[in-house]
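K.L.:
need a 3D model of the following:
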Amino acid sequence: MSEYWTVGEFARRAGVTVRTVQFYDQQKLLAPSAKGPQNRRLYSEEDERELQRILVLKFLGNSLSDIRKVLAHKLDGVELSELIDRQVELLGRDLVRLMHRMSALRALRAQVSDGESPDWAGIAGLIDEAGSNPSTLRHSMHEQDSRQPADGRDELAQWQDVIVTALGLMAAGVSPDDPWAHEIALRYVRLCDRLGQHRPSEFIPLDDSTTVPDRESLDELRRSVDEYLASAGAEALSLPEDRAAEQDELIA
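P.N.:
This next block holds a predicted model:
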């Protein structure tokens, strides 16, 4: 016989508030399996699993509409993979944005520690579009603006997509020997074959006005992404032929 819990009992089991359960009920994402006396909502073990799925998808940054599609099984495997990839890319962009914020904080901290008056104008210069708008990243060597040819901007976008996704994998703790990392590393290798050799770190924003402590922080990130893709690429290129063919199909 199935066991049922009231909304309060169910919320305690799941480690959330009653208000959270009620919110997802109102959003038509989590309906109770049964109703008891006086129309009390009753939740089951299956409802608990559904709530866990909602919480994971929400934690990963998905919108309520995307979560609704997943729960309704309206996304196939390819679409779900694309949804996950998009969240990884957004995570990478957030990481870049956080690095810009770190640069501003370090610069402010250094000035205050030295007894200087904060150079607000100079620090504001660190907060550029790449730091405040995650959809616009700059190549550290070549500005992306209206003067750049359209094909050049398209090439830049391809590099940035790969590097930002790699940053997202790093932030999520995905190992270089993971197939996901192999896929991104092979995309990087293919770009090098088509567009010329570039180090991944070239595409991490770094302003020339960055102070020395900030450079150390950003340079560490640069080294990390270079090493990550180099390691993942070496792993991917050493795969047996059948496994390598599978990876090629994924990035084709």
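K.L.:
check contacts around the spatially most central residue of the chain.
P.N.:
Nearest residue to the geometric centre of the chain (C-alpha atoms, centre = their mean): residue 91, 1.8 Å. Counting by C-beta atoms under 8 Å, 6 or more residues apart in numbering, residue 91 makes contact with 61, 167-168, 171-172. Every residue, glycine included, has its C-beta placed from N, CA and C.
K.L.:
just give me the longest helix of the chain.
P.N.:
Ranked by residue count and defined by DSSP state H, the top helix of the chain is helix 77-113.
K.L.:
give me the next element, helix or strand, following it.
P.N.:
helix 120-124 (DSSP states H and E).
K.L.:
mind exporting that next one as CSV, just the C-alpha atoms?
P.N.:
Only the C-alpha atoms of helix 120-124 are listed here, as CSV (Å, rounded to 0.1, in the frame of the first residue of the first chain):
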residue,chain,number,x,y,z
TRP,A,120,36.5,54.9,-8.8
ALA,A,121,36.9,55.9,-12.4
GLY,A,122,39.8,53.5,-12.9
ILE,A,123,37.9,50.6,-11.2
ALA,A,124,34.8,51.4,-13.2
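K.L.:
now do that helix: which elements does it pack against?
P.N.:
helix 77-113 (3 or more C-beta pairs under 8 Å, 6 or more residues apart in numbering; DSSP states H and E).
K.L.:
may I see the buried residues of the helix it packs on?
P.N.:
83, 85, 87-97, 99-100, 102-104, 106-108, 111 (16 or more other C-beta atoms under 10 Å).
K.L.:
can you check stretch 41-56 too?
P.N.:
41-44, 47, 50-51, 54-55.
K.L.:
next step: the residues you listed restricted to helices.
P.N.:
47, 50-51, 54-55.
K.L.:
from the residues you listed, pick the one nearest residue 122.
P.N.:
Nearest to residue 122 among those, counting by C-beta to C-beta, is residue 55 at 42.5 Å.
K.L.:
tell me which two in the contacts of residue 91 are the farthest apart.
P.N.:
61 and 167 (14.8 Å).
K.L.:
turn the contacts of residue 91 into CSV, columns for neighbour count, distance to residue 187 and pLDDT.
P.N.:
Below are the contacts of residue 91 laid out as CSV (neighbours: other C-beta atoms under 10 Å; distance: C-beta to C-beta, whole Å; pLDDT from 0 to 100):
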residue, neighbour count, distance to residue 187, pLDDT
61, 14, 22, 80
167, 26, 14, 81
168, 23, 13, 80
171, 14, 18, 77
172, 14, 17, 74
